[in-house]
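>>> Need coordinates for the below:
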Amino acid sequence: MSKFQSTKLFDGYSTCFRQWRAEDTHCKFLHGYAVSFRVWFEGELDHRNWVWDFGGMKRSKGKIADMSPKDYFAWLLDHTTIVAVDDPYLKTFEQMHEDGIIQLRILANTGCEKFAEHLYNVINIFLLHETDGRVKASKVEVYEHERNSASYE
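Sure, this is the predicted structure:
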């Protein structure tokens, strides 16, 4: 069965993170990127002949973590520092957050692959409710910059 697809690029996020398990690479160090991500929306067309309204994340009725999706994406990725819940220096990062030095976000894991998985999951929960199951995200691709990306389907 064929489905329609559309894509939307979300960009303009300055995100800092580290992959503490990458002991043999420079990725173990705290570093930042101009992060962006693309979502593939898939489903049946609505009354306007759209899979998904390209401005739908800011005009939505539904929420992600009690925020509009657009606000959630900025909260998660814009001028933030993301660390893994098991980072050995988590307490140090938490203190920096308390001291107003960083905006800390804690996820199960870090890196483009895991960011793509996280966004895929939260966006799909949102879409399921927002569209009564008509639309899903079939793929999310997260870009560190124009040359490096990882996706989750």
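
>>> worst-scoring helix or strand of this protein, pLDDT-wise?
When the helices and strands of the chain are compared on mean pLDDT, DSSP states H and E, helix 56-59 comes out lowest with a mean of 87.

>>> which residues are contacting it?
Here helix 56-59 makes contact (Cβ atoms under 8 Å, 6 or more residues apart in numbering) with 8, 10, 53, 68-70, 73, 130. No exception for glycine: its C-beta is placed from N, CA and C like everyone else's.

>>> quick one, phi psi at the closest residue to Glu130 other than its chain neighbours?
Spatial nearest neighbour of Glu130, chain neighbours left out: Gly62 (4.3 Å); criterion: Cβ to Cβ, 6 or more residues apart in numbering. Main-chain dihedrals, Gly62, degrees, to the nearest 10: phi -80, psi 170.

>>> Run through the strands of the chain in chain order.
Ranges of strands within the chain are 4-17, 31-43, 80-84, 104-107, 135-145, 148-152, based on DSSP state E.

>>> Run a quick neighbour tally on the residue nearest to Glu130.
Residue neighbour count, defined by other Cβ atoms under 10 Å, stands at 15 for Gly62.

>>> Contact partners for it?
Neighbouring residues of Gly62 by Cβ under 8 Å, 6+ apart: 69, 126, 129-130.
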